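Q: need a 3D model of the following:
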Amino acid sequence: MDKLPSVLSGEEARKDGKTVLQTVNEASTLGWGTRLKGFVACFVIGGVCAVLGVCLLFLPRIGIILFIVFYTLGNLCTLASTMFLMGPMKQVKRMCDKTRALATTLMITCLVLTLCAVFWWKNFGLALLFVILQVLSFAWYSLSYIPFVRDAIIKLVAVCV
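A: Numbering: from 1, shown residues only. Below you'll find the model as predicted:
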């Protein structure tokens, strides 16, 4: 019974040379199979939301709103799916890495501005522009995980222009 207070206060973790955060992290880690299942589930939900948004686009009056909401929700689910593979803290650290910090900022800004344009400003033309920017920024962010691809695309665009 004396061990319970020491575990709850974090003293037990300090005896092993671990911090409280390290102990909590070890206790809450998922196995590889569970991570893979979570990734697939979130990724599929994201894909279904995006496809559902495109299908709902053609409804009169509210179709554009539903498209934008479901498409943005799909992008958020797809982004969250990668957190299952790496873990949330590692994913956030990689998102803020110097090579992809700008892409991350643009992507999150476009997600927020898309929803603001629909619900707050009620400007659907601007919302569609932000959806297009959302697609481009999400693609640019995703390409940052493949070595040298973004550099190759920049060089290709420079040659074409």
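Q: residue 52 and residue 129: what is the separation?
A: From residue 52 over to residue 129 the distance is 22 Å, taken as Cβ to Cβ, to the nearest Å. The way it works is simple: take the backbone N, C-alpha and C, and place the C-beta from them, glycine included.
Q: low-confidence ranges, the chain, go.
A: Within the chain, the ranges that satisfy pLDDT under 70 run 1-17, 20-28.
Q: can you give me the buried ones in stretch 110-123?
A: Under the neighbour-count criterion of 16 or more other Cβ atoms under 10 Å, stretch 110-123 has 110-111, 113-115, 117-118 buried.
Q: and those residues, which of them are in helices?
A: 110-111, 113-115, 117-118 (DSSP state H).
Q: hmm, who's touching the helix or strand hosting residue 134?
A: Using DSSP states H and E, residue 134 maps to helix 124-143. Contact with helix 124-143 is made by 64, 67-68, 71-72, 75, 78-79, 100, 103-104, 106-107, 109-111, 113-114, 117-118, 149-150, 153, as judged by Cβ atoms under 8 Å, 6 or more residues apart in numbering.
Q: what's next to the next helix or strand after that helix, contact-wise?
A: Using DSSP H and E, the next helix or strand after helix 124-143 towards the C-terminus is helix 149-160. Applying Cβ under 8 Å, 6+ apart, the set of residues contacting helix 149-160 from outside is 140, 143-144.
Q: and for stretch 77-92?
A: Residues from elsewhere that reach stretch 77-92 (Cβ under 8 Å, 6+ apart): 25, 29-30, 35-36, 38-43, 45-47, 49-50, 94, 107, 138.
Q: list the buried residues for it?
A: Going by 16+ other Cβ under 10 Å, stretch 77-92 has these buried residues: 77-84, 87, 91.
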